[in-house]
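>>> got a sequence here, can you build the structure:
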Amino acid sequence: MTAQLSRERLEKIASWREKFGADHNVMLPAEEAEAMARMLLAGMDSKPVGEVVLGDYDDCGDYPDAKVVCIAAQGQADWNNFRNGTKLYIAPPAQQPELTVWYGSMPESNGKTNWTAILHRKGEGRCFDGFTIDRSEYPGRVRYAADRVRYLIGELPERPHLLDYDGDEHSGYAAPPAPVAVPDVAALRIIFEKWFAADCAFDGSPSATEEDNLAWKEGYWHVWKACRAAMLKAGPVTGWIKCSERMPEEGGRYWCYVEEQNSLGKSHYQWNCSWNGDEWSDKALTGRVTHWMPLPTAPEQE
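Residues are numbered from 1 along each chain as shown. Have a look, this model is predicted:
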């Protein structure tokens, strides 16, 4: 259902840049974007309904025969659509800006790459002064919303069909894995006992003794303890370390989480940075390091 935009709502939208700043991007619901596009198109397609006919200029400096003629569909005079006392207002044709839709990926402060569609004025270098039609981790869904508006403003000759877009395609973002904690032997044994009771069963044949079954169970337990030992040998999983808490004690390269401020706001990325003992000295670094961790060990040579 197409939204109805009141004058109050339009005045509020028109004041957003003044209220929030020229660099602030405000999301406009798709229904309102569609309604606004229809209103602009209706203004472009509007036709005159009346015409002023002055007649001859007399000696007194007046036009005694001046009149307003109503223009019908065929361009002929027709007064049936006017009532006596109808007021006509003079207004120059509004210069409607050409609109277009920008569609692409944008980084978010949480590390995601969201796909965004923005309705903006054509020819203005910064599309981010427009209205956000949709933003999502699903590019196909955002593209469908973008093409709906492109059809309404005349950029697409045919109405887009929902089934032509892949609504399940994802940007590929996945949250970073949680740090792995190696349980102590007592806690691991409890987990083992629960697993063994749920997924294993003793041999109930006459030839199987209780000692055989217990030995079989302890064989599994030996494998579990060996896996735990291998995890401990690989070294502790430290996770991210806040720069506000401490910096590396030795110079070298570290894996860093970087915060960068740009015209779109804050964005984050991960980078292999160099620490010289006093500061992060990597020339390619364009933001502020907020967290760091040691680099993983090199793979074994084959």
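>>> care to break this protein down by domain?
7-164, 185-233, 241-294 (automatic domain parsing).
>>> now render those domains as JSON lines, adding mean pLDDT and mean neighbour count.
Every C-beta, even on glycine, is put in place using the N, C-alpha and C of the backbone. Below are the domains of the chain laid out as JSON lines (pLDDT from 0 to 100; neighbours: other Cβ atoms under 10 Å):
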{"stretch": "domain 7-164", "mean pLDDT": "73", "mean neighbour count": "14"}
{"stretch": "domain 185-233", "mean pLDDT": "82", "mean neighbour count": "11"}
{"stretch": "domain 241-294", "mean pLDDT": "82", "mean neighbour count": "14"}
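>>> which stretches in the stretch 1-150 of the chain count as strands?
Ranges of strands in the stretch 1-150 of the chain, per DSSP state E, counting those that start in this stretch, are 26-27, 50-53, 67-70, 99-107, 113-121, 131-136.
>>> so which of the ones you listed comes closest to His291?
Each of the strands of the stretch 1-150 of the chain has some distance to His291 by Cβ to Cβ; the shortest is strand 99-107, at 17.3 Å.
>>> doesn't Pro296 lie inside a helix?
No: assessed with DSSP: H, G, I helix; E, B strand; the rest coil, Pro296 is coil; it does not lie in a helix.
>>> check contacts around the closest residue to it other than its chain neighbours.
Counting by Cβ to Cβ, 6 or more residues apart in numbering, Pro296 lies nearest to Trp255, which is 7.9 Å off, once chain neighbours are set aside. By Cβ atoms under 8 Å, 6 or more residues apart in numbering, the contact set of Trp255 is 270-273, 292-296.
>>> so what sits opposite His272 in the bridge?
Not His; residue 272 is Asn. Trp255 (DSSP bridges).
>>> these two touch, right, it and Arg253?
Yes: the criterion here is Cβ atoms under 8 Å, and Asn272 meets it with Arg253 at 5.8 Å.
>>> nearest to Trp16, out of the strands of the stretch 1-150 of the chain?
Trp16 sits nearest to strand 26-27 of all the strands of the stretch 1-150 of the chain, at 5.0 Å, using Cβ to Cβ.
>>> before we move on, the earlier item: where do the contact lists of Asn272 and Arg253 overlap?
Leu295.
>>> who does the residue nearest to Ile133 when sequence neighbours are not counted bridge with?
Distances taken as Cβ to Cβ, 6+ apart place Ala117 nearest to Ile133, at 4.2 Å, with adjacent residues excluded. Listed beta-bridge partners, Ala117: Tyr103, Asp134 (assigned using DSSP bridges).
>>> still on that earlier bit, JSON lines for the strands of the stretch 1-150 of the chain, including distance to Asp184?
Putting the strands of the stretch 1-150 of the chain into JSON lines (distance: least, Cβ to Cβ, whole Å) gives the following:
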{"stretch": "strand 26-27", "distance to Asp184": "49"}
{"stretch": "strand 50-53", "distance to Asp184": "90"}
{"stretch": "strand 67-70", "distance to Asp184": "92"}
{"stretch": "strand 99-107", "distance to Asp184": "41"}
{"stretch": "strand 113-121", "distance to Asp184": "39"}
{"stretch": "strand 131-136", "distance to Asp184": "44"}
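>>> out of these, which gets nearest to Arg228?
Arg228 lies closest to strand 113-121 among those, at 37.0 Å (Cβ to Cβ).
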